[in-house]
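Colleague: Pasted the sequence and its predicted model underneath.
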Amino acid sequence: MNTHSPSETAQAAALDRSSNAAIDARRVAATPRGVGIGFPIYAQRALNAELWDVEGRRYIDFAAGIAVLNTGHRHPKIVQAIARQLDCFTHTAYQVVPYECTVALAEQINARTPGSHAKKTAFFTTGAEAVENAIKIARAATRRSGVIALGGGFHGRTYMGMALTGKVAPYKLGFGPFPASVYHVPAPMALHGVSVQDALDAIAQLFKADIEPEQVAAIIVEPVQGEGGFYVMPVEFMRALRAICDRHGILLIADEVQTGFARTGKLFAMEHYDVLPDLMTLAKSLAGGMPLSAVCGRAEIMDVPAPGGLGGTYAANPLAVASALAVLEVIDEEQLCERAAKLGQVLTGRLQALQKKVPGMREVRGLGAMVAVEFAQPDGTPDADAVKQVQKRAQDAGLLLLTCGVYGNVIRFLFPLTIEDAVLEEGLAILEKALLG
Ligand code: PMP
C-alpha cells in the first residue's frame, strides 16, 4: 500500500537534488550504513577519467569504480555498442533464449586467457558470483570439498565469498557461520616478514593438522591481492602452488576479478607467470561498467556440472556482453596493455621520488598500472590515519583516491588506462601535494 499523501509526494518532487549534503542526509535515512560509501559526493556525469558531482564540481577519478573502468567512463565505442544492443533487446534470459554475442565473447575469452588448452567460459553477473561458481565447478569436478585461500585475500560478499575472504573486519563481522571446509594460509608478504617458504610451510602444516590434500578441491589465489593491499604474488610461490595442485589433484583458481583486462600490463595477470590456472574468475573491467562476470576454465572441468547447474536470470546480460566485446576491441586498438605498463612506470617513478621526502611511504609496489603505496609509522606500525589524511587532501583538491590493505594503510591507484596525459599529470600534481601534506 502506498502510504504517501499527495502533499508528501509533492514534497519529495521538490527535494534538493543538487546538494551533496542534502542527498547525503537522505541517504543516511533511507539506506543502511552497512553499504558504506567512499565519498559523500553524488555523481552527475563522468567522461573517461573525469567525474562531475551534482554541485558541478569536477574530480579526477583514480578510483575508476573500483577497477571496473580500465577503458574509462563512457568510452564512445562502448557506449555505441550498448546503444546498438539496446535497440535490439535488453533481456531474454540467456538460459531461455540465448544470443550469439555471448558465444562470441566466450570464444574470445577462451582464446585470450593464458594456455592453449581447450577452454569453456560461463557468464554471471558479479565477481562474487563468479567466485561462487568457480568453487561449485571445482567441487563438482574433483568431488572434494576443501578450499584453500590466502590471508588478506578478497573474494566477495556472498557466503562463500566471505568464507574465502581473508579479512574479518568489515567483511565478515557478525555474518557467520560461513560455509565449512575453507582454510586460510598466510600470503607471502616480504614487507611483513612472511616469506614464500613460510606460506608454503603453512600449507604443509594445514595438510598435517586440518585436512588431507586428497580432500582439497581447489586453491584460490589473486595473482595480485586487490582489496588486501596490492601485494604481488611471487613467481616462486605461484609455481609452488601449481606443483602442490599437480601433486594432489587440486585445482588452481586464479581470481582475476581485479587484475584482469590490461590493468597489470598484460590482458591477464597470470600472463606474468609461467603457471597456468585450471579456472579463472573475471569481472570488473570485463564489461567496462556493466555488470558481468565469468568463469573460464579447462573445458573438461567446466563441463562437469549438469545442465541447469550453472547460470542465473541475469547471467550474460546482453547489454553487458555487448559492452565486453567493445572493451576487448578498445584494449586492442588503444594498446592498453602497453599503456598500462607505461603508466605504471610513470606513477611508480613519481611515487618513488616522493618516498625520499615522505618517510611514511613505506613501500611502493605493483604490477603494470596496478600500483599502490603502503604507509607505516617510523616503528613499522601500519598507518591508516596517514592514508585517510592523504585521501581527504586529495579529495579537497579534486582527486578521488581509493585505499586498501588489511590495515587500511595502503593507497591504490586504478585510474582508467585511457586517461589523457594532461589529466594524469593534473592528478599526479594533486597527489604529490596531498602526499607532501
Ligand atoms: N574477487 C576479487 C579479487 C575482487 O577484487 C572482488 C571485488 N573487489 C571480488 C572478487 C568480488 O566482486 P564483486 O564485488 O563484483 O562481487
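Modeller: Now that the structure is in, tell me what you want to look at. Since the structure is predicted, the reported quantities are computational estimates derived from the model, not experimental observations.

Colleague: going forward, measure contacts and count neighbours with C-alpha atoms only.
Modeller: OK.

Colleague: and the residue nearest the centre of the chain, what does it touch?
Modeller: Centre of the chain computed as the mean C-alpha position; nearest residue by CA atoms, centre = their mean is Gln258, 2.7 Å away. Each residue near Gln258 by CA atoms under 8 Å, 6 or more residues apart in numbering is listed here: Ala67, Val68, Gly226, Leu282, Ala283, Lys284, Ser285.

Colleague: And this protein, what are its domain boundaries?
Modeller: 13-63+335-436, 79-333 (automatic domain parsing).

Colleague: Up against the ligand, what does the stretch 1-150 of the chain have?
Modeller: Thr126, Gly127, Ala128 (CA under 6 Å from any ligand atom).

Colleague: Could you count how many residues lie near the second one?
Modeller: Here the count is done by other CA atoms under 10 Å, and Gly127 has 27 residues near it.

Colleague: State the pLDDT value of it.
Modeller: Gly127 is assigned a pLDDT of 98 by the prediction.

Colleague: measure the residue lying closest to it once chain neighbours are set aside to Ala294 for me?
Modeller: Closest residue to Gly127 apart from its sequence neighbours, by CA to CA, 6 or more residues apart in numbering: Ala283 at 5.2 Å. When distance is defined by CA to CA, to the nearest Å, Ala283 is 6 Å away from Ala294.

Colleague: just Arg139 next, same as before
Modeller: 17 Å.

Colleague: Looking at those two, which is more packed in?
Modeller: Ala294 (27 against 23).

Colleague: that's a helix at the more buried one, yeah?
Modeller: No - secondary structure assignment (DSSP: H, G, I helix; E, B strand; the rest coil) places Ala294 in strand, not in a helix.

Colleague: residue ranges for the helices of the chain, please.
Modeller: 6-13, 20-30, 64-67, 76-86, 100-112, 127-142, 159-164, 196-209, 235-248, 299-302, 318-333, 336-355, 384-396, 421-436 (DSSP state H).

Colleague: Show me what the mean pLDDT comes to for the first one.
Modeller: Just to be clear, that refers to helix 6-13. Mean pLDDT, computed over helix 6-13, is 58.

Colleague: can you check the fourth one too?
Modeller: Along helix 76-86, the predicted local confidence has a mean pLDDT of 98.

Colleague: what does that helix rub up against?
Modeller: Gly288, Pro318, Leu319, Ala320, Ala322, Ser323, Ala326, Val327, Val330.

Colleague: Report the buried residues of that helix.
Modeller: Ile78, Ala81, Ile82, Gln85 (16 or more other CA atoms under 10 Å).

Colleague: Please tabulate the contacts of helix 76-86 in a markdown table and include pLDDT, distance to the ligand and neighbour count as additional columns.
Modeller: Shown next, in a markdown table, are those (pLDDT from 0 to 100; distance: CA to the nearest ligand atom, whole Å; neighbours: other CA atoms under 10 Å):
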| residue | pLDDT | distance to the ligand | neighbour count |
| --- | --- | --- | --- |
| Gly288 | 97 | 12 | 30 |
| Pro318 | 98 | 18 | 27 |
| Leu319 | 98 | 17 | 23 |
| Ala320 | 98 | 13 | 26 |
| Ala322 | 98 | 18 | 26 |
| Ser323 | 98 | 16 | 27 |
| Ala326 | 99 | 20 | 24 |
| Val327 | 99 | 17 | 26 |
| Val330 | 99 | 22 | 18 |
